[in-house]
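Asker: dropping a prediction and its sequence here:
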Amino acid sequence: MVKARTSAAELVVTGHVRVNGERETSPGHAIKIGDVLTIALDRTVRVLKVTAFNERRGDAASARVLYEELSEGNQSSARD
């Protein structure tokens, strides 16, 4: 969703991320498979369901297979 870990942490700290409907303010909060993340970006809101984890950190293309997009208007799975 963002390019850098610091940017992701800033989204969390500033209250732009929800985990299973609850606002999260701790960037270190653990998530698990099946959790639903709601992320408010500049002009959009993305709703994602975590479907898997990678052993190692990877690029954006490898990350796309680790979640399912639930946002309205983008109902296709990230794995399509």
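Answerer: Yes, it's here. Everything quoted here is computed from the prediction, not taken from an experiment.

Asker: then the helix or strand of the chain with the lowest mean pLDDT to PDB, C-alphas only?
Answerer: Lowest on mean pLDDT, DSSP states H and E among the helices and strands of the chain sits helix 60-63, with a mean of 86. Extracted in PDB, the C-alpha atoms of helix 60-63 (Å, rounded to 0.1, in the frame of the first residue of the first chain):
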ATOM      1  CA  ALA A  60       5.000  -5.500  -4.300                       C
ATOM      2  CA  ALA A  61       4.300  -8.300  -6.800                       C
ATOM      3  CA  SER A  62       5.000 -11.000  -4.300                       C
ATOM      4  CA  ALA A  63       3.000  -9.200  -1.600                       C
END
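
Asker: what's it in contact with?
Answerer: Helix 60-63 has contacts (CB atoms under 8 Å, 6 or more residues apart in numbering) with Asn54. Where you see a C-beta, it was placed from the backbone N, CA and C, and this is true even at glycine.

Asker: helix or strand right after it?
Answerer: strand 67-69 (DSSP states H and E).

Asker: mind listing what's buried in that next one?
Answerer: For strand 67-69, a neighbour-count test (16 or more other CB atoms under 10 Å) marks Tyr67, Glu68, Glu69 as buried.
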